[in-house]
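Enquirer: From the sequence below, what's the structure:
(one chain, ligands or ions: 1)
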Amino acid sequence: MKVCIDENLCQGHARCVYFAPDVFEIDDEGYANVREGMENVPADQQDNVRRAAANCPERTIIISE
Ligand code: SF4
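Expert: Purely as a prediction, here's the structure:
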């Protein structure tokens, strides 16, 4: 699984960080990033990333399996 964020759509709610804090972080400008090295999501984080994507109000988390 790979994950990225459409930074043009992110509104900074941090719900992604709530569901997958090991994968997402909020940057200095208040928007979400995928943590360095987590673009290829480890197996034990994949359910968390799916939950984060399902709960992102802007639908800006992009998953490719
Ligand atoms: S929940 Fe979605 S819109 Fe909100 S900070 Fe996370 S990625 Fe951005």
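Enquirer: Around the ligand, pick out the residues from the chain.
Expert: For the chain, the residues in contact with the ligand (CB under 6 Å from any ligand atom) are 5, 10-16, 32, 56, 58, 60-61. Yep, even glycine has a C-beta here, placed from its N, CA and C like the rest.
Enquirer: Sitting in helices, which of the residues you listed do you find?
Expert: R15, C16 (DSSP state H).
Enquirer: Filter the residues of the chain next to the ligand down to the buried ones.
Expert: Neighbour counting over the residues of the chain next to the ligand (16 or more other CB atoms under 10 Å) leaves I5, C10, H13, A14, R15, C16, A32, C56, E58, T60, I61 as the buried ones.
Enquirer: which sections of the protein are below the confidence cut-off?
Expert: Nowhere does the chain drop to pLDDT under 70.
Enquirer: mind running it again at 90?
Expert: The model of the chain has pLDDT under 90 over residues 7.
Enquirer: Just the ones of the buried ones among the residues of the chain next to the ligand in strands?
Expert: Members of these lying in strands (criterion: DSSP state E): I5, A32, I61.
Enquirer: Pick out whichever of those residues sits closest to the ligand.
Expert: The ligand lies nearest to A32 out of these, by CB to the nearest ligand atom, at 3.7 Å.
Enquirer: quick one: that closest one and V23 touch, right?
Expert: No. Using CB atoms under 8 Å, A32 makes no contact with V23, being 9.9 Å away.
Enquirer: where do the contact lists of the two overlap?
Expert: When contacts are counted by CB atoms under 8 Å, 6 or more residues apart in numbering, A32 and V23 have C16 as shared neighbours.
Enquirer: give me every residue that touches the closest residue to P57 other than its chain neighbours.
Expert: Distance criterion CB to CB, 6 or more residues apart in numbering; nearest residue to P57, sequence neighbours excluded, is H13 at 6.2 Å. By CB under 8 Å, 6+ apart, H13 lies in contact with C56, P57, E58.
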